[in-house]
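**Student:** Got a predicted structure plus its sequence, pasted below:
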Amino acid sequence: GAASKGDYRHYMLKEIFEQPEVIAAALEGRLSDEGVLVESFGPEAVAHFQTLKQIHIVACGTSYHAGLVARYWLERYAGVPVQVEVASEYRYRQVVVPEGTLFVTLSQSGETADTLAALRFAKARGYVGSLAICNVPGSSLVRESDLCLMTRAGPEIGVASTKAFTTQLVALMLLTLAIARAQGGKVDREIITALRGLPKLCQEVLALDSAIENLAQSFAEKHHALFLGRGAHFPIALEGALKLKEISYIHAEAYPAGELKHGPLALVDSEMPVIAVAPNDDLLEKLKSNLQEVRARGGLLYVFADESVGIAEEPEVQVLTLPYVHEALAPLLYTLPLQLLSYHVAVLKGTDVDQPRNLAKSVTVE
Ligand code: G6P
């Protein structure tokens, strides 16, 4: 059943491996050949999506990282301006809400104290409406929002969020396409097709588990790690760093690769592994020159990329080759190897993977 580990050593590993299945569930009945079914977000969604002019997204932790990815998507594929903020900051700001703004919360549990308080705060601020993207039906966040979309990840037991995050990303891509459609944009059939193929691609990535376990060997002795990405992969780097620190207690930071020379490069030496999320997108050439800067300082590089990226394996450059994926969905696919990397590092270090020290699955007090 959902609450048993089955043959897996930890809930986290089980939940990582459930992703093909739950991503398929998150898509089920929500796509047609004409695009995303806007009604999936509730009967009033069409009216809201047709008229909205911008979006404010508020969340905590891993859910916040999903919101950061959504900003790139909503701006690029729906042409909607987006602000994303952690709930604990948002709720204490003198927020200025432009006319026609939709308020969106993201939460696995639907009970995170700051996110819930942010929603209650937002209600008096003149938003056109509120949408919750959430994994728990009937949770406080869902009950108190005008619109909702359930992520259908099923129960998540491991404190470090995995399948809840990737299903949030699926939901946010559906939101992007639904808004684009409601606002009269043309249907992006390539993305719809790519979404349908995503569960299978995730399977292919999970099959790289033992290669990733090998990479993890050289991490277990390290005290620090630096994650780099650009564009929509910067939040994926943030999420990779968060997973590593949560469960292996290795200090990890993430930077947008273009900021490297504004500080973190000073930390790079042979003791500092640098993990780069490098799918083949229009920022690749820029990312490659950032990686050269790391190499020139003796840093050990771990690159997650597809074959077309053409970064050669060297003694100090390890490359994990992922399958090709539509550029729009790369942030989703590239999350999986980072989850597996932190999982294996934590197992090697012997930490309590499912129940890391000092952390809670759901933070229901401020
Ligand atoms: C805690 C959990 C994280 C989660 C965050 C937000 O910190 O340990 O995994 O991302 O809360 O939780 P939510 O349920 O609102 O997504």
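**Tutor:** Cool, the structure landed.

**Student:** okay, CA-based contacts and neighbour counts for the rest of this
**Tutor:** Will do.

**Student:** which residue sits closest to Phe234 in space, ignoring its chain neighbours?
**Tutor:** What sits nearest to Phe234 in space, not counting adjacent residues and going by Cα to Cα, 6 or more residues apart in numbering, is Pro256, at 5.3 Å.

**Student:** Now do that neighbour against the ligand, distance only.
**Tutor:** 21 Å (Cα to the nearest ligand atom, to the nearest Å).

**Student:** Quickly find the element holding the residue most central in space within the chain.
**Tutor:** Residue closest to the average C-alpha location in the chain (Cα atoms, centre = their mean): Ala66, at 4.1 Å. Here Ala66, judged by DSSP states H and E, is contained in helix 61-78.

**Student:** Does the ligand have contacts with that helix?
**Tutor:** Yes: using Cα under 6 Å from any ligand atom, helix 61-78 reaches the ligand at 61-63.

**Student:** Quick one: neighbours of Ala26, just the number.
**Tutor:** 21 (other Cα atoms under 10 Å).

**Student:** Do you have the strands of this protein handy? List them.
**Tutor:** With DSSP state E as the criterion, the chain has strands at 31-32, 35-36, 54-59, 82-86, 101-107, 129-134, 147-150, 224-229, 251-256, 273-277, 300-306, 317-322.

**Student:** Spell out which residues of the stretch 1-150 of the chain are next to the ligand.
**Tutor:** Going by Cα under 6 Å from any ligand atom, the residues of the stretch 1-150 of the chain near the ligand are 60-63, 107-110, 112.

**Student:** in the sheet, who's paired with His251?
**Tutor:** Beta-bridge partners of His251, counted by DSSP bridges, are His224.

**Student:** end to end, how far does stretch 245-253 reach?
**Tutor:** End-to-end distance for stretch 245-253, by Cα to Cα, to the nearest Å: 9 Å.

**Student:** do the same with stretch 47-60
**Tutor:** Stretch 47-60 stretches 28 Å from its first residue to its last (Cα to Cα).

**Student:** start at 740 instead
**Tutor:** With 740 as the first residue, the last one maps to stretch 786-799.

**Student:** Once you drop chain neighbours, what's closest to Gly924?
**Tutor:** The nearest residue in space to Gly924 (Cα to Cα, 6+ apart) is Ala817, at 7.6 Å.

**Student:** wait, doesn't the one you found sit right on Met912?
**Tutor:** No: the pair Ala817 / Met912 is not scored as a contact, 10.2 Å apart, by Cα atoms under 8 Å.

**Student:** With neighbour numbers in mind, choose between these two.
**Tutor:** Counted by other Cα under 10 Å, Ala817 and Met912 do not tie: Met912 has more neighbours, with 24 against 21.

**Student:** how far away is that one from Leu1004?
**Tutor:** 34 Å.

**Student:** Can you get me the start-to-end distance on stretch 844-858?
**Tutor:** Using Cα to Cα, one end of stretch 844-858 lies 7 Å from the other.

**Student:** Done for today, thanks.
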